[in-house]
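Asks: Can you look at this prediction? I've put the sequence above it.
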Amino acid sequence: MKMSLFINPEHRPGDSMPERLQDHVEQVRVARQLGFDGVSIGSHLNYGNEVWFPALETLMRLAPEAEGMSLSTCMLVLPLYHPLHVAAQLALVDAACGGRAILGVSPGWQEDEFRIMGLEHKARISRFVESVDLIKRLFTENGVTFNGRHFTVEDLTLALKPVRKPRPPFWFGGSVEKAVARAARLADTSLGDSWVASSHLTKDVIVEQASVFRNTLSDLGKDMPGDFPLLRNVVVAPDKETAIRDAGPFLEASYRVFGQWGLFTDVVGSGKQQLDFDELLAGRVVIGAPEECAEQFADLAEATGCTRFITRIQWLGMDQKLVLRTLELLGDRVLPML
């Protein structure tokens, strides 16, 4: 079982940004020493009441501390950007980590982000698919000509090619069955492409969606990817009561923001704008003492067939000492049990 550290790029605007960035540097340094083999980062646009560190730029800062580790986005909201820009930035990240970059992308769901960028929210899926197709070609071909609904290029060559050949893998996000099936269609699993389940979904939903991914791949004559990651919220402490007491306020604060954005009404489909704390924990968080968390991880691996856990261990305003406690217990106690 492989383990990646998820970098939480969401911070309070009153915080010292140099200190928060240095916190992430320390997290990666510790994770590497503990045997984690990957670093992942999410993304949203930087506006409103929370600071969001840009994903690919942050990975570049973390690369020197992540020697030998993969660097991935999980996920970049791809339709918000021009594919040439993303392809060039990812190629640079791939150079910085010696050919271990992974481009995790999703169509996005938050309408405000598309409105701010002057883009049509309803067109995000077609824009997403075109972007994926164009980036794949820019990575592997010269003189690309592409005529789509959203993007048109003629005889275009990406001069800054990735180190990994023929190209870096893609991870595709998707929180509904239709999106999971689309990920299976887009994925070339022989090159390491995969689908990654959202951390916002409960275990039962993820198990169902993993079956959709596996069955769709089979119908298409594709094998399961060798590296099949699962993104999970994780809190490890000496006991479950301590974990809930220490991490609960920060987890609630982050999900309150997501709830205001429409996560639970528009994506998860709970019918409520905000969930009670017990509802947040139920099936969404691996939490407790090391032995309890190892058991939950093993159960998830058996139920889904995943081979990698991407561990989100930090939320809005969370103290670095709590982040490092979970990180160290994961590496020293939980990972050996897996």
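Replies: Cool, got the structure.
Asks: quick one, strands of the stretch 201-338 of the chain?
Replies: Applying DSSP state E, counting those that start in this stretch to the stretch 201-338 of the chain gives strands spanning 229-236, 285-288, 308-312.
Asks: Gly38 is nearest to which of those?
Replies: Distance to Gly38, taken as Cβ to Cβ, is lowest for strand 308-312 among the strands of the stretch 201-338 of the chain, at 7.2 Å. C-beta coordinates here come from the backbone N, C-alpha and C atoms, glycine included.
Asks: got a list of contacts for that closest one?
Replies: By Cβ atoms under 8 Å, 6 or more residues apart in numbering, the residues outside strand 308-312 that reach it are 1-6, 8, 38, 40, 74, 196, 199, 227-234, 297, 300-301, 326, 330.
Asks: what about 6 Å?
Replies: 2-4, 6, 40, 74, 199, 227, 229-234 (Cβ atoms under 6 Å, 6 or more residues apart in numbering).
Asks: What residues does Ile313 make contact with?
Replies: For Ile313, the contact set (Cβ under 6 Å, 6+ apart) comprises Val234, Val323, Thr326.
Asks: ok so, going back, to Trp52, which of the strands of the stretch 201-338 of the chain lies closest?
Replies: Evaluated over those, closeness to Trp52 peaks at strand 308-312, with 14.6 Å, by Cβ to Cβ.
Asks: could you dump that closest one to CSV, C-alpha only?
Replies: Taking Å, rounded to 0.1, in the frame of the first residue of the first chain, the C-alpha atoms of strand 308-312 are listed here in CSV:
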residue,chain,number,x,y,z
ARG,A,308,-2.8,4.2,-2.7
PHE,A,309,-4.3,6.4,-0.1
ILE,A,310,-4.0,10.2,-0.6
THR,A,311,-4.3,11.4,3.0
ARG,A,312,-5.9,14.8,3.6
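Asks: could you check the angle strand 229-236 makes with that strand?
Replies: Angle of strand 308-312 versus strand 229-236, following axes from the mean of the first three to the mean of the last three Cα atoms, to 10 degrees, is 50 degrees.
Asks: mean confidence score for strand 308-312?
Replies: Per-residue pLDDT over strand 308-312 has a mean of 98.
Asks: for stretch 276-285, same thing?
Replies: Rounded mean pLDDT across stretch 276-285 is 88.
Asks: who's in contact with that stretch?
Replies: Outside of stretch 276-285, the residues within contact range by Cβ under 6 Å, 6+ apart are Thr202, Lys203, Asn233, Glu252, Tyr255.
Asks: same question, stretch 94-102
Replies: Stretch 94-102 is contacted from outside by 60, 63, 70-72, 90, 93, 162-164, 168-169, 171, using Cβ under 6 Å, 6+ apart.
Asks: for it, the distance to its chain's centre please.
Replies: 17 Å (Cα atoms, centre = their mean, to the nearest Å).
Asks: what does stretch 236-247 give?
Replies: Relative to its parent chain, stretch 236-247 has a centroid offset of 24 Å by Cα atoms, centre = their mean.
Asks: go on, stretch 78-97?
Replies: With Cα atoms, centre = their mean, you get 15 Å for stretch 78-97.
Asks: Could you do stretch 185-199 as well?
Replies: On the basis of Cα atoms, centre = their mean, stretch 185-199 sits 12 Å off its chain's mean C-alpha point.
Asks: Kindly report the same for stretch 291-303.
Replies: Chain-centre distance of stretch 291-303: 20 Å, with Cα atoms, centre = their mean.
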